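**Student:** show me the folded form of this:
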Amino acid sequence: MRDQRGVVLPSPLVMLSVIAVAMAAIAFVATRGGEPTEREITPAARESAEPSATAEPTKKPKPTKAPAPAIQRGKVYVEVYNNSAVTGLAGRVAQRAGDAGWQVVGADNWYGTIPSTTVYYPAKLERAAKLLALDLGVERTAPAVAPMRMDRLTLILTGELD
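**Tutor:** Predicted coordinates:
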């Protein structure tokens, strides 16, 4: 009778995981501790040769930021999704958004768990998302995540809007 005992080698995935954890530990130990290398340097105030009793400190004018350009609703794509049991909700809200001037490019059902009605936005459309939320009475906005498109706003409804 033959002996069935032998050696089982770990799979490549397990070996890579062990190596990744070890590298992360080494990087953590190597980069921790010490003070930051960058420090704020402020120039010392120069004293004038003849200080005046009536001299007031000069104030530098604050640079004014140019106002952000107005959001053009018709140039922003919007997708509306229904994540509730209310039939036809996405279509009704899409019509409402279109009536407000937004360029609605689709309405459908959303499958997943969303905590409350939310306007999701890519980073470059954050201001537009806040305006869409204001137009429709939506209280929550959040950055877009996969599988959402990153060139448009995504409105996911969890119930009727007020």
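
**Student:** and the helices in this protein, which stretches?
**Tutor:** Listed in chain order, the helices of the chain (DSSP state H) span 12-31, 89-99, 126-136.

**Student:** out of the ones you listed, which comes closest to residue 160?
**Tutor:** helix 89-99 (6.8 Å; CB to CB). Where C-beta positions appear, they are placed from N, C-alpha and C, glycine not excepted.

**Student:** name the residues that touch that closest one?
**Tutor:** 78, 80-82, 104, 106-109, 132, 135-136, 155, 157, 159-161 (CB atoms under 8 Å, 6 or more residues apart in numbering).

**Student:** with stretch 123-134 instead?
**Tutor:** So stretch 123-134 is contacted by 68, 71, 73, 76, 78, 97, 102, 119-121, 138-141, 143, 152-153, 155 (CB under 8 Å, 6+ apart).

**Student:** next: stretch 139-155.
**Tutor:** 76-81, 93, 97, 105, 115-123, 125-126, 128-130, 132-133, 136, 138.
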